[in-house]
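> Fold the following, please.
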Amino acid sequence: MDEIRVHGRRRGPDPEGVGFHKCWFPVALAKAVEPGMLLGIDFLDTRVVVYRDYTGTPVVQSAWCPHLGADLSVGQIVDGQIRCAYHHWRFDQVGTCVQIPTGDKIPPGARIFTYPTAEAWGLVWAFNGDKPLFEVPRIPGTQECDLVVEAHLRGIRQVAPWVSVSNGVDFQHLRTLHNLQTRAPDTIEVGDHSIEYRIETGGYTQHGLITGTNAFAQHLRRNGMDMFMLFSGAPIDPLRTRSFFVIGVRKGKDNAAKLGALRTLSRGCSTRTSPSSTRCASDRACWSPRISTSHAISNMSANSRGPSRRLPDKPSS
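The predicted structure is shown next:
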């Protein structure tokens with residue numbers, strides 16, 4: 001590697017070590033969020049509800065009713081709005097309480113936090129913050145509309161999401177465990193919220209992109225076949241991550257066969273082992289704290305952390 005280019009302002013470590021990175025996190029498979037369904041998901045050391053509003057747009061909100069703290073995920077969707085199971089308070093897609101069946105005046109503080117939400121690559125994403133700092137993670141070298149994609153739940157891993165992402169720039173790891181014909185790139189582009197590189201060796205191409213602290217995507221070309229992958233996860237709490245992966249091929253002939261081969265490759269990455277390594281991408285990531293890039297990923301948004309939302313704010317009466 002000849003050069004690392006750093007773009008934008010670099011950040012120091014989080015002085016208090018609290019909260020979670022302000023990033024886009026995948027919270028659910030898009031196909032699992034069906035119209036009229038209400039999902040409860042543990043996320044960022046708290047709980048959220050995921051559903052589709054009356055337009056079909058996904059919404060991610062705090063699961064705690066501000067009235068008495070009931071879990072909204074055991075409620076119902078009525079006309080595209082959440083109805084609490086306890087006293088039937090209703091909340092719209094921006095989190096405002098719009099109805100109290102008893103006819104009482106709605107307190108101005110009766111609202112639930114609504115995360116910035118997006119649907120992309122077969123996943124529903126939530127940004128940990130009031131406003132997104134950057135765009136939803138993408139796969140380099142393509143657009144979603146040009147691909148046939150599949151999104152999968154990978155499972156729960158006993159590690160923070162940024163640790164797993166660090167494998168994406170550990171080129172010895174990619175060669176040794178995953179048998180990729182890769183090497184260290186000549187240049188790594190480091191931005192405020194991304195790390196990007198490109199490697200070309202004969203008939204092999206790898207274009208890698210890390211977005212935020214928890215999403216690694218790549219475009220691989222091997223033996224004349226273009227393959228697109230995205231790996232990401234969302235913290236359940238500081239020590240556990242719910243992980244997802246996305247695979248894609250360009251639209252054309254033999255899509256099913258190509259996706260099948262890519263699915264096998266991606267799942268192989270989850271189980272391949274070496275005598276000196278723990279299992280990669282399953283219970284723990286293959287990671288060494290000595291890898292300096294790991295700290296760069298962890299600190300990429302170190303001063304941009306948001307608090308977890310354990311309990312609702314008490315509404316004003």
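> Could you pull out the helices in the stretch 51-200 of the chain for me?
Secondary structure of the stretch 51-200 of the chain, counting by DSSP state H, counting those that start in this stretch: helices at 161-165, 171-176.
> Those into CSV, with extra columns for mean pLDDT?
Output for the helices of the stretch 51-200 of the chain, formatted as CSV (pLDDT from 0 to 100):
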stretch, mean pLDDT
helix 161-165, 82
helix 171-176, 75
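> To Glu34, which of those helices lies closest?
Checking the helices of the stretch 51-200 of the chain against Glu34 by C-beta to C-beta gives helix 161-165 as the closest, at 26.0 Å. Backbone N, C-alpha and C define where each C-beta goes, glycine included.
> residues near Pro58, how many?
Using other C-beta atoms under 10 Å, Pro58 has 20 other residues around it.
> ok, back up a step: export the helices of the stretch 51-200 of the chain to TSV and tack on mean neighbour count and distance to Val124?
Shown next, in TSV, are the helices of the stretch 51-200 of the chain (neighbours: other C-beta atoms under 10 Å; distance: least, C-beta to C-beta, whole Å):
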stretch	mean neighbour count	distance to Val124
helix 161-165	26	16
helix 171-176	17	29
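> Next one: Arg240 from Gly224, what distance?
According to C-beta to C-beta, to the nearest Å, Arg240 and Gly224 sit 40 Å apart.
> neighbour-wise, which of those two wins?
Arg240 (17 against 6).
> pLDDT weak spots in this protein?
Where the chain drops to pLDDT under 70, the residues are 1-18, 180-181, 265-317.
> send the alpha carbons of the longest strand anywhere in it over as CSV?
Counting by DSSP state E, the longest strand found in the chain is strand 225-237. Extracted in CSV, the C-alpha atoms of strand 225-237 (Å, rounded to 0.1, in the frame of the first residue of the first chain):
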residue,chain,number,x,y,z
MET,A,225,-18.6,-12.9,-13.0
ASP,A,226,-19.7,-9.7,-11.2
MET,A,227,-20.8,-10.2,-7.6
PHE,A,228,-22.2,-7.6,-5.3
MET,A,229,-22.4,-8.0,-1.5
LEU,A,230,-23.2,-5.9,1.6
PHE,A,231,-22.7,-7.0,5.2
SER,A,232,-24.1,-4.9,8.1
GLY,A,233,-25.4,-5.2,11.6
ALA,A,234,-27.2,-3.3,14.3
PRO,A,235,-26.4,-3.3,18.0
ILE,A,236,-28.9,-5.1,20.2
ASP,A,237,-26.8,-3.8,23.1
